[in-house]
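Colleague: 3D model of this:
(chains A and B)
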Amino acid sequence: MLFKNKFNFITILWVLILLFSTTISYSLSEQFKGKIYKTGMLKPIDSVIKLKVGDEAPDFTLPSVSGEKISLGQFRCKKNVVISFVPAAWTPVCSDQWPGYNIAKDFFDKHDAILIGITVDNIPTLYSWTSEMGTLWFPVLSDFWPHGAVAERYGVLRSDGVSERALFVIDKKGIIRYIDVHDINQRPKLEVLVKELEKLAD
Amino acid sequence: MKRFIFLIIFSFFIFCSQSLFAVECPSEDGAFPETNLAIPQKAFDKDYLGIKGEGSFKLSDINARVVILEIFSMYCPYCQKEAPIVNELYQIINNRQDIKDKIKIIGIGAGNTPFEVEVFREQYNVPFPLFSDESFSIHKAVGDVRTPYFFVFRINPDGSNKIIYSKAGSFQDPNQFLDLIIKKSGL
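Modeller: The predicted model follows:
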């Protein structure tokens, strides 16, 4: 009865969206003040994973904010690698994810791992955004052109051209040991990643 | 006609839902919502707060006349920058015999797991008790404030409280901030 016509259905949908949009919590840092774009609640995952644990991680070379080009392959046999894809600069959850990793360097050092941050933004945008986070100890790479090519190869490029919020742990042999394509609206817990790093020693 | 009534009912529903969820930030002269926190494991923290046993305690149980409550996040760069300044405030208070038992500081980690709170504590050697608010429930109850956010409230003899400072961002100079608190609380 109520749903008899499209109009009513859309109204109900709209009400539900309004209801839920008011309950999202980000605990945004005062650092970013009004500079963060409010994305609202997004579809948790919007891509199809192409890799699985045990696969060899596809190699890539991307430009970093500091100017040098960085390849995954250069860490082969030297370091374990954690790749953190975040959807885009200046969006709510991401802006508060890497600053956390920035004070968790000890966990990475302890397990002989380095962190690589990747987004699909271009270098100038990444430069401005990461400057707000203070000095980051890990490289931030731009997967801007060809747009999202690395995210696409890892199966974490969403239909609107941003990447998922995803973590890949890759061991010194270049083998993927952990994949977390996370709900884009939420920040992965640090302890889960730390436990995965601990497992690398086994 | 039916459609018209339907719209009115739902407009009302929208209105209600927003006033239900969009919690106002407790402002000065208001009260900080009564909150239950887990009793800390560390003996030092228990002594500092004047709380014994296990389980949970209420903010009004804290053995102090004035509580400085910081909403922070391990993931927030501004909170990271502020951490040494808050530690300095703690030391200044701790060195003043006349007020050290009257003003206490606690931190609430918005959306942080206990593990993440611990990372923050260790990174900055935070000397006062920090609590996890993993589900954002306290953060929501105080209006989804930006971090760091500082509340200062006076605990009344009847257990109620009155906020005397409520502001986002750094409090800048710890000595001036302490003077302001002493003046506003009438200590």
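Colleague: what are the ranges of the strands in chain A?
Modeller: With DSSP state E as the criterion, chain A has strands at A:61-63, A:69-71, A:80-85, A:113-119, A:140-142, A:165-170, A:176-182.
Colleague: output those strands as a markdown table; include the columns distance to chain B.
Modeller: For every residue, glycine as well, the C-beta is placed using N, CA and C. Formatted as a markdown table, these follow (distance: least, C-beta to the nearest C-beta, whole Å):
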| stretch | distance to chain B |
| --- | --- |
| strand A:61-63 | 24 |
| strand A:69-71 | 23 |
| strand A:80-85 | 13 |
| strand A:113-119 | 14 |
| strand A:140-142 | 14 |
| strand A:165-170 | 13 |
| strand A:176-182 | 14 |
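Colleague: with mean neighbour count added, can I get those strands in JSON lines?
Modeller: Shown next, in JSON lines, are the strands of chain A (neighbours: other C-beta atoms under 10 Å in any protein chain shown):
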{"stretch": "strand A:61-63", "mean neighbour count": "16"}
{"stretch": "strand A:69-71", "mean neighbour count": "14"}
{"stretch": "strand A:80-85", "mean neighbour count": "23"}
{"stretch": "strand A:113-119", "mean neighbour count": "23"}
{"stretch": "strand A:140-142", "mean neighbour count": "24"}
{"stretch": "strand A:165-170", "mean neighbour count": "24"}
{"stretch": "strand A:176-182", "mean neighbour count": "19"}
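Colleague: in a markdown table, list the ones you listed along with distance to B:Ile68 and mean pLDDT.
Modeller: Formatted as a markdown table, the strands of chain A follow (distance: least, C-beta to C-beta, whole Å; pLDDT from 0 to 100):
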| stretch | distance to B:Ile68 | mean pLDDT |
| --- | --- | --- |
| strand A:61-63 | 45 | 98 |
| strand A:69-71 | 43 | 98 |
| strand A:80-85 | 34 | 98 |
| strand A:113-119 | 34 | 98 |
| strand A:140-142 | 35 | 98 |
| strand A:165-170 | 34 | 98 |
| strand A:176-182 | 34 | 98 |
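Colleague: next, count neighbours for B:Leu180.
Modeller: B:Leu180: 15 surrounding residues under other C-beta atoms under 10 Å in any protein chain shown.
Colleague: need the contact list for it.
Modeller: Residues near B:Leu180 by C-beta atoms under 8 Å, 6 or more residues apart in numbering or on different chains: B:Tyr165.
Colleague: and it, which of the three is it?
Modeller: Assigned with DSSP: H, G, I helix; E, B strand; the rest coil, B:Leu180 falls in the helix class.
Colleague: same check, this time on B:Pro40
Modeller: coil.
Colleague: and the pLDDT for it?
Modeller: In this model, B:Pro40 is scored at 96, pLDDT.
Colleague: with A:Lys172 instead?
Modeller: 97.
Colleague: repeat that for B:Phe120.
Modeller: 97.
Colleague: do the same with A:Ser95
Modeller: At A:Ser95, the model reports a pLDDT of 73.
Colleague: can you pull the contacts of it?
Modeller: Contacts of A:Ser95 (C-beta under 8 Å, 6+ apart): A:Leu28, A:Ser29, A:Phe32, A:Ile36, A:Ala89, A:Trp129, A:Glu132, A:Met133.
Colleague: which residues touch the spatially closest residue to A:Ser29 that is not a sequence neighbour?
Modeller: Spatially, and ignoring its direct neighbours in sequence, A:Ser29 is nearest to B:Cys76 (3.6 Å; C-beta to C-beta, 6 or more residues apart in numbering or on different chains). Contact analysis of B:Cys76 by C-beta under 8 Å, 6+ apart lists A:Ser27, A:Leu28, A:Ser29, A:Glu30, A:Gln31, A:Asp96, A:Pro99, B:Thr147, B:Pro148.
Colleague: which one of the contacts of A:Ser95 is nearest chain B?
Modeller: A:Ser29 (3.6 Å; C-beta to the nearest C-beta).
Colleague: surely the closest one is in contact with B:Arg146?
Modeller: Yes. The pair A:Ser29 and B:Arg146 qualifies as a contact (C-beta atoms under 8 Å) at a distance of 6.7 Å.
Colleague: those two - which one has more neighbours?
Modeller: Shown here are A:Ser29 and B:Arg146; by other C-beta under 10 Å, A:Ser29 has more neighbours (25 against 22).
Colleague: that one bridge partners, please.
Modeller: Residues in a beta bridge with A:Ser29, per DSSP bridges, are B:Thr147.
Colleague: any idea how far it lies from A:Asp183?
Modeller: 20 Å (C-beta to C-beta, to the nearest Å).
Colleague: still on that earlier bit, with distance to A:Lys50 added, can I get the strands of chain A in a markdown table?
Modeller: Compiled in a markdown table, the strands of chain A are given as follows (distance: least, C-beta to C-beta, whole Å):
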| stretch | distance to A:Lys50 |
| --- | --- |
| strand A:61-63 | 18 |
| strand A:69-71 | 20 |
| strand A:80-85 | 13 |
| strand A:113-119 | 16 |
| strand A:140-142 | 19 |
| strand A:165-170 | 12 |
| strand A:176-182 | 10 |
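Colleague: ranges for the helices of chain A?
Modeller: A:6-21, A:92-95, A:98-102, A:105-110, A:123-131, A:149-153, A:190-199 (DSSP state H).
Colleague: lowest average pLDDT across these?
Modeller: helix A:6-21 (a mean of 57).
Colleague: just want the most central residue of the chain.
Modeller: This is for chain A. In chain A, the residue lying closest to the centroid (C-alpha atoms, centre = their mean) is A:Val86, at 2.1 Å.
Colleague: wait, chain B
Modeller: Centre-nearest of chain B using C-alpha atoms, centre = their mean is B:Leu69, 3.3 Å out.
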